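Q: How does the following fold in three dimensions:
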Amino acid sequence: MTDLPVDADGAPAPDPAVRLVAGTFAIDDLDAFLADLDEVAAETGAVVQAFDADLVVSATQLREAARLAARAIARSEAVARDPGVEIMLYAAGSRQIDRALELGVSEGERAAVVLLADFGDVSGSDRSAADLDAASEAIHALAVDSADDSDGDAIGVGFDETRVREFYGVTDRELAATNGDLADLVRERVALLDVEK
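A: Numbers count the residues shown, from 1 in each chain. Prediction:
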């Protein structure tokens, strides 16, 4: 028997299944692209959220954001009504929706990471089980070029260190004072968002 993560009250903490599809997407019309993602979500039951790959430091950053968002929803502590937006808030390490949306995609041909999550077992999410295989297949079909789904920490596309440092406010001094690297500091901001509530 495996040990499941538990909350402070001893209840099992939600840990939704997550898939990440990284690739290049030709986004001529942002509203149309977002409508395509909404259609994938509606057809598969998956939570679907696209991120600018330049600002995603690792798969762990997004998986942890999904886990923390699921926990916030289960505890009725979520800021956003939409699970995808709640995930984006955690990924951004910010409670400001406008700020978090800066992690999203924009028009043009660009690298993106699309997160697919199954919130079917997350109490309070009012979602049924998701078909992540079908969702992944649909996202791959939208991409001009896509990598395999990420299982480890790597996501198949690199981030832009300058943009990441600017977005998360990471200074030279902070980076020099840590034993970790930039990705570690970003993941710390994701984890610390709960403390800032």
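Q: Now tell me which helix or strand of the protein has the poorest mean pLDDT.
A: strand 145-146 (a mean of 78; mean pLDDT, DSSP states H and E).
Q: So what are the sheet partners of it and their directions?
A: Using DSSP bridges, the strands paired with strand 145-146 in its sheet are strand 17-27 (antiparallel).
Q: Beyond the strand it pairs with, next helix or strand please.
A: Following strand 17-27 in sequence order, the next helix or strand is helix 30-44 (DSSP states H and E).
Q: now that next one against strand 17-27, angle please.
A: In terms of direction (axes from the mean of the first three to the mean of the last three CA atoms, to 10 degrees), helix 30-44 departs from strand 17-27 by 150 degrees.
Q: for helix 30-44, packing partners?
A: For helix 30-44, the contact count by 3 or more CB pairs under 8 Å, 6 or more residues apart in numbering; DSSP states H and E identifies strand 47-52, helix 132-142 as packing neighbours. Glycine gets a C-beta too; all of them are placed from N, C-alpha and C.
Q: one more time with 10 Å, if that's ok
A: strand 17-27, strand 47-52, helix 83-92, strand 108-118, helix 132-142 (3 or more CB pairs under 10 Å, 6 or more residues apart in numbering; DSSP states H and E).
Q: Can you tell me which of those is most buried?
A: Stretch with highest mean neighbour count among those: helix 83-92 (a mean of 26; mean count of other CB atoms under 10 Å).
Q: Quick check: mean pLDDT of the following helix or strand past that one?
A: The C-terminal neighbour of helix 83-92 among helices and strands, as given by DSSP H and E, is helix 97-100. For helix 97-100, mean pLDDT rounds to 94.
Q: Give me the contacts around helix 97-100.
A: 65, 79-80, 82, 85-94, 167 (CB atoms under 10 Å, 6 or more residues apart in numbering).
Q: List the buried residues in it.
A: Buried residues in helix 97-100, counting neighbours by 16 or more other CB atoms under 10 Å, are found at A100.
Q: Nearest spatial neighbour of the most centrally placed residue in the chain, chain-adjacent residues omitted?
A: The centre of the chain sits closest to L62, judged by CA atoms, centre = their mean, with a distance of 3.8 Å. Excluding its sequence neighbours, the residue lying closest to L62 (CB to CB, 6 or more residues apart in numbering) is L115, at 5.1 Å.
Q: Show me the beta-bridge partners of the one you found.
A: Beta-bridge pairing for L115 (DSSP bridges): L20, Q49.
Q: who touches it in this structure?
A: The contact partners of L115, by CB under 10 Å, 6+ apart, come to 18-21, 46-51, 56, 59, 62-63, 65-66, 84, 87-88, 91, 139, 150.
Q: and with 8 Å instead?
A: By CB atoms under 8 Å, 6 or more residues apart in numbering, the contact set of L115 is V18, R19, L20, V47, V48, Q49, A50, F51, L62, A66, G84, I87.
Q: any idea how far it is from V56?
A: Relative to V56, L115 is positioned 9 Å away (CB to CB, to the nearest Å).
Q: Could you tell me which residues touch both of these two?
A: Common neighbours of L115 and V56, counting by CB under 8 Å, 6+ apart, are L62.
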